[in-house]
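Undergrad: Dropping the sequence and predicted coords here.
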Amino acid sequence: SVYIVMDRTNWKIGKVNINILYIGLLLPNDCFIPILFDPLPKRGNSNTAERESILQRFCAIWQQQGLQKAVLLADREFIGIKWFATILQAGFSFVIRLRVTDYFNELCTQRGRSTARMKKIIDYSVKRYGFFRSKIILDGKTLYYIVLPFTAEKQKKTNEKYLILISDNPNVIEVSSQYQQRWKIE
């Protein structure tokens with residue numbers, strides 16, 4: 001697979017904030033090569049327009065090789081229904097981590113369940129099958145809401161029970177494996 005990774009880094013030198021949005025390739029030897037970056041004139045997260053701009057520039061130089069779609073990997077900052085549509089329109093697949101509350105209410109509504117009942121369904125599914133997966137329709141696009149358990153060691157570090165991902169790929173094993181690649185850039 002070809003992995004395109006989008007991330008942002010922020011640090012301070014004295015009183016000056018350095019905030020950089022970047023997109024690059026994760027090579028098969030686990031090296032990350034930043035291809036493009038944008039210094040953001042602010043602190044904090046990027047917005048959809050900033051992401052779309054760098055993705056558009058990336059697409060202008062990107063040459064897809066082979067039939068398999070490249071997969072864009074990103075963390076919790078890089079969400080949004082319009083953003084997901086932009087990635088798909090660019091011809092990429094994606095796996096993006098979600099926060100616990102991201103799209104959870106939409107999932108409950110679409111499945112016709114209360115939040116309490118949906119949490120129980122997720123807990124049961126993860127305990128019994130090792131994952132939870134549900135189709136979720138966002139702005140007419142069919143995506144997959146996937147919940148995976150954290151290891152006990154990871155739970156201690158994050159205080160989170162689950163790793164929650166959203167993807168256009170319904171294959172839980174592939175999505176899990178693909179998202180693990182994202183950790184290699186840290």
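TA: Here it is on my side, so go on.
Undergrad: where's S53, which helix or strand?
TA: Element membership for S53 (DSSP states H and E) is helix 48-61.
Undergrad: For that helix, buried residues please.
TA: R51, E52, I54, L55, F58 (16 or more other Cβ atoms under 10 Å). Backbone N, C-alpha and C define where each C-beta goes, glycine included.
Undergrad: residue contacts, the second one?
TA: Neighbour list for E52: W83, T86 [criterion: Cβ atoms under 8 Å, 6 or more residues apart in numbering].
Undergrad: where's it relative to C31, distance?
TA: 27 Å (Cβ to Cβ, to the nearest Å).
Undergrad: I'd assumed K161 was in contact with V147.
TA: No: using Cβ atoms under 8 Å, V147 makes no contact with K161, being 9.1 Å away.
Undergrad: State the next helix or strand along the chain beyond the least confident helix or strand in the chain by mean pLDDT.
TA: Sorting the helices and strands of the chain by mean pLDDT, DSSP states H and E puts helix 152-158 at the bottom, at a mean of 58. Per DSSP H and E, the first helix or strand lying C-terminal to helix 152-158 is strand 162-167.
Undergrad: CA-only coordinates of that next one in PDB, if you can.
TA: Taking C-alpha atoms only, strand 162-167 is exported to PDB below (Å, rounded to 0.1, in the frame of the first residue of the first chain):
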ATOM      1  CA  TYR A 162     -11.100   2.300  22.500                       C
ATOM      2  CA  LEU A 163      -9.400   3.400  19.300                       C
ATOM      3  CA  ILE A 164     -12.200   4.800  17.000                       C
ATOM      4  CA  LEU A 165     -11.600   5.100  13.300                       C
ATOM      5  CA  ILE A 166     -13.500   6.200  10.300                       C
ATOM      6  CA  SER A 167     -12.800   5.000   6.800                       C
END
